[in-house]
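Visitor: Provided below for reference: sequence and predicted model.
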Amino acid sequence: MVGVLIKFSIASICLLAAPVAILYGFNHKFFPGSSHISRESVTIWSGVLAVISVNVVIAFYIYMAMKEPSHKHEPDHKFLADAKASIKQHSQSESELYSHGTKQE
């Protein structure tokens, strides 16, 4: 459980830090070639790359989640019994309503 929280925290930090770093880097001319393009192009390219960076972080997080070992969980037997009883009771009450409705007509 702790490993999952650590991965989630790292992904959350990256979701915030990556686009902000890209926007900051483009606006302060830290990236090579960004000083040779117009101000409008800097805004467009930094925005596009920031969006792409968010998608890359999300894809990486999904990949890491899919790679996690899955343990075969057994359902709670009491919960299953209660759920089956509830469904059975609901279907019986519907059939009773239907049979009473057809008798009245």
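Guide: Cool, got the structure.

Visitor: Contact partners for the closest residue to residue 53 other than its chain neighbours?
Guide: Once flanking residues are discounted, residue 53 sits nearest to residue 18: 4.1 Å by Cβ to Cβ, 6 or more residues apart in numbering. To be clear about C-beta, it is placed using only N, CA and C from the backbone, and glycine gets the same treatment. By Cβ atoms under 8 Å, 6 or more residues apart in numbering, residue 18 lies in contact with 50, 53-54, 56-57.

Visitor: Can you give me the pLDDT of residue 18?
Guide: Per-residue confidence (pLDDT) for residue 18: 93.

Visitor: Next, the buried residues of the helix or strand in which it is found.
Guide: Using DSSP states H and E, the element containing residue 18 is helix 2-27. By 16 or more other Cβ atoms under 10 Å, the buried positions in helix 2-27 come out as 11, 14, 18-19, 22-23, 26.

Visitor: Kindly report the same for stretch 40-56.
Guide: 42, 45-46, 49-50, 53-54.
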